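> sequence first, then the predicted structure, then my questions.
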Amino acid sequence: MNPIVKTIQLGDGRTVTLETGKLAKQADGAVVLRMGNTMMLAVVTAAKDAVPGTDFMPLQVEYKEKYSAYGRFPGGFVKREGRASDYEILTDRIVDRVLRPLFPDDYHAEVYVTINLYSTDGEDIPDALTGLAASAALAASDIPFNGPISEVRVARINGKFKINPTFKELEKADMDIMVGATIDNIMMVEGEMKEVSEKELLDAIKFAHETIKVMCQAQIEFAEAVGTTKKREYCHETNDEDLRKDVRAKLYDKVYAVAKSGQGKQERTEAFHNIKEEYKATFSEEELAEKGALISKYYHDVEKEAMRRCILDEGKRLDGRKTTEIRPIWSEVDFIKGPHGSALFTRGETQALATVTLGTKDDEKLIDDVLNNSKERFLLHYNFPPFATGEARAQRGVGRREIGHGNLAHRALKPMLPDSFPYVVRIVSDILESNGSSSMATVCAGTLALMDAGVQMKRPVSGIAMGLISENKGTNYAVLSDILGDEDHLGDMDFKVTGTRNGITATQMDIKVDGLSYEILENALAQAKQGREHILGKILETMPEPRADLKDHAPRIEMIIIPKEYIGAVIGPGGKIIQAIQEETGTTIAIEEIGNKGHVEVAAVNKQSIEAAMAKIKAIVMVPEVGEVYDGKVRSIMPYGAFIEILPGKDGLLHISEVDWAHLESVEQAGIKEGDTIQVKLMDIDPKSGKLKLSRKVLLPRPERQ
């Protein structure tokens, strides 16, 4: 056993090591990645041959975090890792989106990338290392791959960029993006930020790329040391060049005419379908059995070429728009009466119906991931039923795409929720029609639904998806605003940008070609800003500002922050006090200790109940002040005086000498009995014991001397 190790210096004193030849040696490639106390194993395997008829890249990426990596037990009854969490799925997608475009176009064997997290100390964020681990495993294998690639997280903390920050450092960041790239080109960007400019985002991408270049060069040297620079031979396609030429010669002009006709999606799809079917009708059934798949493949190439040439040569898009033109937009709010807020947003042939539900602390989502044991107060769920694209099939659960699109919209809107908002917020976006950029429609519909619910957003958010058609390594290109589904499928880029008038809040970019200059990126961001502002204007035409108040059927919640030491006093022994307050006022009260404060939320169906509960809570946490007069309740009477409750849970002694100016033999002689409410003044607080000294007589007229 002679393991091969490669060390990468990150430039801030930290090192990353790649090791192969020790673990999982029967796989095509296996690499152990270590950074500090973080360790993960990336393993790749590929089938020797492609499944007959496969004309795509069947890649599957699986990232799995072991609870034992952090010394924890899994939750639930089974106490075993189960289905992938949202976080693991989002990590899968980040790795997949960088790897997939770099496999050869004619390579169709099934490839499986498995990344297991085996050790972590809870400081370094492991998802930033998964792309490097996966690429290194491919580099250590003979699987054909036009890499290497790497991914890093870049955050801006106190105005400075940081590569792969720790969890603690990330809490202070105003920009958090993941960047994936080859040694030459950016392939993927995804992240969230607090209203940054286009230039700031571009600077962050460039900063990330410098580290990625170092990581890619290390992998090249790693592959040379392993001896895997030569990849396996394969033959996954059988082509018929005469048929390819015939399809193009007979169909290109017809397809080009449809591509520039500006028809709607359904009419255009049917026209393209008819062209292909008419051509196939010239063949016998026996010939189609042999050549049908190739005809479809070559026809797809013709359709792609025609669409791209139409844009590059004539500046005409499939629906007749110019490259910078946004499709017609219309929207409505208060579309459904049951939810606490709702909106319908339609842009071209893409339509999203968003609803907002406001809840209490009991509605928080509990997150029990390996490195994230927390609660989430803002939820966004994105649904994409098959009927949105006219497909006749059943909807089977939530897919990775829906989780990814929902996460992007969540990141876009979350920074604009009001600070210290007492409600748990859930947005549900149902895509009713789709022809491009349904996630950005979700952002726009979500903004309108929040405003319709009376959520006082800091600023409204809009989003747009940008496309790219390029040739000759990007020397001739066109950036497309508000792309169609076909322009996404047949184009070179899907670049989604969300933001307010002040700046960008989230982004997601995927590149499908090997080559994207910073000039194109800069132009795409500038064009996206124009599109975002146009869409935002349309949103504000529908609803210029949030409703002044919540709707009548929305729950009412108010929050009060109390000193930590008073939490127990509000709850009371066995919860008696808080239960009594809830019963007497008809409210629901939740208390959470955060730092050295107690966050108390009071929820009810009307304001009067909340005010009554708040008054009782404030009385409990109120600090008695010397010199103040209180209406106190007589709790008990002793021979030497009476104990008076001046505030809930705060009793003071009214000594018999302080009951009246006259000499009394007993407190009852002054007409005072248990249960009475009397006025007393707080005269002093013992600094050591904290005992309260009260007086009643100082509030009475002093008799004249006789």
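All right, it came through fine. Numbering: from 1, shown residues only.

> which residues does residue 492 contact?
Shown in contact with residue 492 (C-beta atoms under 8 Å, 6 or more residues apart in numbering): 467-470, 511-513. C-betas here are computed from N, CA, C, even on glycine.

> actually residue 182, not the one I typed
Residues in contact with residue 182 (C-beta under 8 Å, 6+ apart) are 102, 147-149, 216, 514.

> pipe the residues you listed into TSV and attach secondary structure, distance to residue 607 and pLDDT per row.
Shown next, in TSV, are these (DSSP: H, G, I helix; E, B strand; the rest coil; distance: C-beta to C-beta, whole Å; pLDDT from 0 to 100):
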residue	secondary structure	distance to residue 607	pLDDT
102	helix	59	94
147	coil	61	85
148	coil	61	96
149	coil	57	96
216	helix	61	97
514	coil	61	69
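
> going by distance to residue 306, which of those residues wins?
residue 514 (22.6 Å; C-beta to C-beta).

> and the helices in the stretch 551-700 of the chain?
Assigned helices in the stretch 551-700 of the chain, in chain order: 567-571, 576-585, 607-621 (criterion: DSSP state H, counting those that start in this stretch).

> out of these, which gets nearest to residue 133?
Proximity to residue 133 (C-beta to C-beta) singles out helix 567-571 among those, at 44.5 Å.

> which secondary structure elements does that closest one contact?
Applying 3 or more C-beta pairs under 8 Å, 6 or more residues apart in numbering; DSSP states H and E, one finds that helix 567-571 contacts helix 576-585, strand 588-594, strand 597-604, helix 607-621.

> indicate which one of those is closest to residue 340.
Of the helices and strands packed on helix 567-571, nearest to residue 340 by C-beta to C-beta is strand 597-604, at 13.2 Å.

> may I ask which two of the contacts of residue 492 are separated the most?
469 and 511 (12.8 Å).

> picking up where we left off before, neighbour count and distance to residue 583 added to the contacts of residue 182, as JSON lines?
Output for the contacts of residue 182, formatted as JSON lines (neighbours: other C-beta atoms under 10 Å; distance: C-beta to C-beta, whole Å):
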{"residue": "102", "neighbour count": "19", "distance to residue 583": "64"}
{"residue": "147", "neighbour count": "21", "distance to residue 583": "65"}
{"residue": "148", "neighbour count": "24", "distance to residue 583": "65"}
{"residue": "149", "neighbour count": "29", "distance to residue 583": "61"}
{"residue": "216", "neighbour count": "21", "distance to residue 583": "65"}
{"residue": "514", "neighbour count": "14", "distance to residue 583": "68"}
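
> of the residues you listed, closest to residue 298?
Distances from residue 298 to the contacts of residue 182, taken by C-beta to C-beta, are shortest for residue 514, at 22.8 Å.

> dump the helices of the stretch 551-700 of the chain into CSV; add mean neighbour count as well.
CSV is the format used below for the helices of the stretch 551-700 of the chain (neighbours: other C-beta atoms under 10 Å):
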stretch, mean neighbour count
helix 567-571, 18
helix 576-585, 16
helix 607-621, 17
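
> could I get these as a markdown table with distance to residue 550?
Shown next, in a markdown table, are the helices of the stretch 551-700 of the chain (distance: least, C-beta to C-beta, whole Å):
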| stretch | distance to residue 550 |
| --- | --- |
| helix 567-571 | 25 |
| helix 576-585 | 19 |
| helix 607-621 | 11 |
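
> just so I know, which of the ones you listed lies nearest residue 241?
helix 607-621 (76.9 Å).

> and the closest one, what does it pack against?
strand 556-563, helix 567-571, helix 576-585, strand 597-604.

> leaving out the residues flanking it, which one is nearest to the most centrally placed residue in the chain?
Centroid-nearest residue in the chain, with C-alpha atoms, centre = their mean: residue 407, separated by 3.5 Å. Closest residue to residue 407 apart from its sequence neighbours, by C-beta to C-beta, 6 or more residues apart in numbering: residue 90 at 5.7 Å.

> got a pLDDT number for that neighbour?
Note on residue 90: pLDDT of 95.

> centre of the chain versus the strand or helix carrying it, how much separation?
For residue 90, the enclosing helix or strand under DSSP states H and E is helix 86-99. When distances are taken as C-alpha atoms, centre = their mean, to the nearest Å, helix 86-99 is centred 13 Å away from the chain's centroid.

> and it, what does it pack onto?
Partner elements for helix 86-99 (3+ C-beta pairs under 8 Å, 6+ apart): strand 59-65, strand 111-119, helix 130-139, strand 150-157, strand 173-181, strand 186-196, helix 400-413.

> in its sheet, what does the second one sit against?
Read that as strand 111-119. Here strand 111-119 is paired, per DSSP bridges, with strand 38-46 (antiparallel), strand 59-65 (parallel).

> tell me which of those strands sits most buried.
strand 38-46 (a mean of 23; mean count of other C-beta atoms under 10 Å).

> pLDDT below threshold where in this protein?
Residue ranges of the chain with pLDDT under 70: 1, 474, 514-515, 705-706.

> list the buried residues of the helix holding residue 90.
87-99 (16 or more other C-beta atoms under 10 Å).

> equivalent analysis for stretch 635-650, please.
Result for stretch 635-650 [16+ other C-beta under 10 Å]: buried residues 637, 641-648, 650.

> among these, which one lies nearest to residue 348?
residue 648 (60.4 Å).

> who are the contact partners of that closest one?
With the criterion set at C-beta under 8 Å, 6+ apart, residue 648 makes contact with 569, 577, 616, 619-620.

> out of these, which comes closest to residue 659?
Nearest member of the contacts of residue 648 to residue 659, counting by C-beta to C-beta, is residue 619, at 24.2 Å.
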